[in-house]
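*Asks:* Predicted model and sequence follow; I will ask about them next.
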Amino acid sequence: MKVVLGVDAIFPPLTGIGRYALQLANGLPNRPEIGEVKYFSMGRWVSGPQAMATGAGGPADASGQFARVRRAMASNSLAVRAYAKVMPHLLKWRLMSFDDFIFHSPNYFLPTFPGPAVATVHDLSIYRYPDLHPKARRAYFELEFHRSLARAAHLITDSESIRQEVAEHFAWPLDRITSVPLGVSEAFVPLSEEVSRPVLSKLGLAYGRYGLCVSTLEPRKRIDRLIDAYERLPRRSRETFPLVIVGGRGWLDTALHERIERATRQGWLRYIGYVDEAVLPVVYAGARAFFYPSLYEGFGLPVLEAMSCGVPVVTSNCSSLPEVAGAAGMLVNPDDADALLFGVEKALEDDEWRATASARGLTQAADFSWPCCVERTVAVYRKVWGQ
């Protein structure tokens, strides 16, 4: 089989979708069933997805620049309409001679393509919680996503819960949707204090002395609820185990940043922002506990990464997160203030629970890998190719 892989989500700083696309880009050429892989981004052919991820120079970086421009345009409704009108014609022209390929978009949207096409749908948050997304983003989905569904021979979701949602919301047959769980890099492993200290000290962090949340700052992540819970902790707990938030800026986050700045001035919160991929596993491994009270997720990759590092996890009891955390994490209602406070306090103070959660998390995380994700993705290609 020959594959055209859409890689427009691969640009720094990498989001979860960007990391997923990069793992596919790196893994597909190693599969014996795949004869050729071509990489397509923003109407351009690119040769180095890894260069795109790091922002290196050359054509790949140019495509990354286009992707960043598109992300900036997403807040402008007029720009979204213009993009949706012009870009499909360019994509159709560039792809018209590739009818002997499969096209896979790891990021929702499919161009017109002469051969079979597969799209990965990560979640339906824009339909379930439209008020938590910018107006222009909603407009783009309304214009383009239904067209993408009409072009798709098959859909991939990251979890079974999203598979069921997609089938119900769009009246899609379940036999044309496959759940393919994401994986975790081998870099995410438990690390000793001695190994972690040089990296953590540069960030002003002490091994085992902070609670951690890794997340883009957007409303559905419920980071404001986590800050509420931390604020209700006894003063000694907040000062001993300050909350560290890692992640890039998202949208509709002005009030959240005001909360973060106030807690930072009080001395019990640190917002580090985006952390380089090489540093992130150490930040996970050095945490006393990991908190991820998201209202809604298509998968919840940070939960898996934290468990792989042997860090106890408190996360939400909704959407896909119970599939990822299994019996290893403490599951709470993210909008139940008392339940979230109980989870945060137990994870910071109960050493017996922490030891049990850490061991269970390592066992749970061992069931997920990127090679397995790639293998299951190729199985979808085989199914589509044989139709």
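*Replies:* Yep, that arrived.
*Asks:* what domains does the record give for the protein?
*Replies:* Taking automatic domain parsing as the domain assignment, the record places the domains of the chain at 2-183+370-385, 193-365.
*Asks:* following the helix or strand containing residue 352, which helix or strand comes up?
*Replies:* If you go by DSSP states H and E, residue 352 is part of helix 351-365. Using DSSP H and E, the helix or strand that follows helix 351-365 towards the C-terminus is helix 370-385.
*Asks:* Contacts only, for residue 219.
*Replies:* Shown in contact with residue 219 (C-beta atoms under 8 Å, 6 or more residues apart in numbering): 129, 132, 252, 253, 256. Glycine gets a C-beta too; all of them are placed from N, C-alpha and C.
*Asks:* now residue 249
*Replies:* Residues near residue 249 by C-beta under 8 Å, 6+ apart: 216, 217, 273.
*Asks:* I only care about these that end up buried; give me the PyMOL line for that.
*Replies:* Applying 16 or more other C-beta atoms under 10 Å to the contacts of residue 249 leaves a buried subset, and the PyMOL line that selects it is:
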select buried, resi 216+217
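*Asks:* low pLDDT regions in the stretch 101-250 of the chain?
*Replies:* Within the stretch 101-250 of the chain, the ranges that satisfy pLDDT under 70 run 250.
*Asks:* if we go to 80?
*Replies:* Applying pLDDT under 80 to the stretch 101-250 of the chain flags residues 249-250.
*Asks:* Enumerate the strands of it by residue range, in sequence order.
*Replies:* For the stretch 101-250 of the chain, strands defined by DSSP state E, counting those that start in this stretch occupy the ranges 102-105, 117-121, 154-157, 177-179, 211-214, 243-246.
*Asks:* How about the stretch 251-387 of the chain?
*Replies:* Under the criterion DSSP E, counting those that start in this stretch, the stretch 251-387 of the chain contains strands at 269-273, 289-292, 313-316, 330-332.
*Asks:* Throw the ones you listed into TSV and include distance to residue 92, thanks.
*Replies:* Compiled in TSV, the strands of the stretch 251-387 of the chain are given as follows (distance: least, C-beta to C-beta, whole Å):
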stretch	distance to residue 92
strand 269-273	39
strand 289-292	40
strand 313-316	41
strand 330-332	45
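*Asks:* For those, give me CSV that also has mean pLDDT.
*Replies:* Formatted as CSV, the entries for the strands of the stretch 251-387 of the chain read as follows, by pLDDT from 0 to 100:
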stretch, mean pLDDT
strand 269-273, 95
strand 289-292, 98
strand 313-316, 98
strand 330-332, 98
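*Asks:* of these, which approaches residue 8 most closely?
*Replies:* Proximity to residue 8, assessed across these by C-beta to C-beta, is greatest for strand 269-273 (23.4 Å).
*Asks:* Direction included, what does the closest one pair up with?
*Replies:* Each strand paired with strand 269-273, and its direction, by DSSP bridges: strand 243-246 (parallel).
*Asks:* contacts for the strand it pairs with?
*Replies:* Among residues not part of strand 243-246, those counted as contacts by C-beta under 8 Å, 6+ apart are 205, 210-215, 217, 223, 226-227, 230, 260, 263, 268-275, 280, 283, 287, 291.
*Asks:* Narrow these to just the buried residues.
*Replies:* 205, 210-215, 217, 223, 226-227, 230, 260, 263, 268-272, 275, 280, 283, 287, 291.
*Asks:* mind putting the contacts of residue 249 in JSON lines, distance to residue 320 included?
*Replies:* Compiled in JSON lines, the contacts of residue 249 are given as follows (distance: C-beta to C-beta, whole Å):
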{"residue": "216", "distance to residue 320": "16"}
{"residue": "217", "distance to residue 320": "20"}
{"residue": "273", "distance to residue 320": "26"}
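*Asks:* quick check, nearest of the contacts of residue 249 to residue 342?
*Replies:* Each of the contacts of residue 249 was checked against residue 342 using C-beta to C-beta; the closest is residue 217, at 24.6 Å.
*Asks:* Tell me the bridge partners for the closest one.
*Replies:* On the basis of DSSP bridges, residue 217 is bridged to residue 249.
*Asks:* Residue 174: what's its closest spatial neighbour, skipping adjacent residues?
*Replies:* The shortest distance from residue 174 to any residue that is not its chain neighbour, by C-beta to C-beta, 6 or more residues apart in numbering, is 5.0 Å, and that residue is residue 167.
*Asks:* tally of neighbours for the one you found?
*Replies:* Other residues lying near residue 167 total 17 when counted by other C-beta atoms under 10 Å.
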